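A.B. asks: next input, structure requested:
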Amino acid sequence: MSEPFIDVRNLSVSYGNRRALQNVTGAFREGSLIAVAGPNGSGKSTLLKALAGVIRPTSGEIVFRQGKRPHMAYLPQVAHIQRDFPISVEEVVLTGFYAELGETRGVQESQRAAARKALSDVGLAGYEARPIKELSGGEFQRMLFARVIVQNAPVILLDEPFTAVDAETTARLIRLLIKWHEEGRTVICILHDLLLIRKYFPESMVLHGKCLGIGHTHRLFEQNLFSFDLDMAELQPVNENPDHPHEH
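C.D. replies: The predicted structure follows:
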């Protein structure tokens, strides 16, 4: 088995006196399409923030195969984004180039063209100049996906990306995730919709403060690890790192 692309080792994160994650261990393979599931308050968003480098672990570590954190595109929960900020749709997407632009360089025409193409790819052609406060929930989420597209990152972290979007938008965005997966990118996605997880995600990680299981999605379903009303004390953590994802 090859060395894990991202290796989470005994990761714990606390907010004051509250422990959000406790001794979470699990490995993510390069190019995997993996869902992170668990009940509310189980530490899913905390794990993604730790992977993205937004927060620091209380203890434990995250080890990256190349020795440093790879370029990552991180899409947080919509609830954490200020909707009334006076900025246009295109300007939000262009912030995906911030690492290249820095503080002084102006936006290049090639970057504007890439932003417009990304908006077209998510079904928002013609929305470039529209203020973000005028967007519906689904349009706002598609805009954020366009921002992820222009970052062209090998690792993509998505926190509940299909919240408050309709079925048509969800289907469009799922196709985008599958495309990224086919391109060999590593996609880690927090989801609560078990039907989507079962249908589209070959691998999953189940959290409840600690890691209850990681591996092939169908095997975790067989072990009833997605039944979040079970007595968690009776469940033994499972650490299965598959060589190959199963086919759906």
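A.B. asks: quick one, strands of the chain?
C.D. replies: Assigned by DSSP state E, the chain shows strands spanning 6-15, 18-28, 33-37, 59-64, 72-75, 155-159, 186-190, 203-208, 210-216, 238-239.
A.B. asks: now the ones you listed as CSV including distance to T169, mean pLDDT and mean neighbour count?
C.D. replies: From N, CA and C alone the C-beta is placed, and that goes for glycine too. Formatted as CSV, these follow (distance: least, Cβ to Cβ, whole Å; pLDDT from 0 to 100; neighbours: other Cβ atoms under 10 Å):
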stretch, distance to T169, mean pLDDT, mean neighbour count
strand 6-15, 29, 94, 17
strand 18-28, 27, 93, 19
strand 33-37, 18, 97, 25
strand 59-64, 32, 95, 14
strand 72-75, 14, 95, 20
strand 155-159, 14, 97, 24
strand 186-190, 15, 97, 23
strand 203-208, 23, 95, 25
strand 210-216, 28, 93, 23
strand 238-239, 34, 38, 13
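A.B. asks: of these, which approaches K117 most closely?
C.D. replies: strand 72-75 (16.1 Å; Cβ to Cβ).
A.B. asks: and the residue nearest to C189 when sequence neighbours are not counted, how far from I149?
C.D. replies: Sequence neighbours aside, L158 is the residue nearest to C189 in space, at 4.3 Å (criterion: Cβ to Cβ, 6 or more residues apart in numbering). Shown here: L158 relative to I149, a distance of 12 Å by Cβ to Cβ, to the nearest Å.
A.B. asks: equivalent analysis for P70, please.
C.D. replies: Distance of P70 to I149, computed by Cβ to Cβ: 17 Å.
A.B. asks: can you pull out the helices in the protein?
C.D. replies: Here the chain has its helices, by DSSP state H, at 44-52, 89-94, 98-101, 109-121, 137-151, 167-182, 194-200, 217-222.
A.B. asks: picking up where we left off before, who's more crowded, P70 and I149?
C.D. replies: Each of P70 and I149 has its neighbours counted (other Cβ atoms under 10 Å); I149 has more, 23 against 14.
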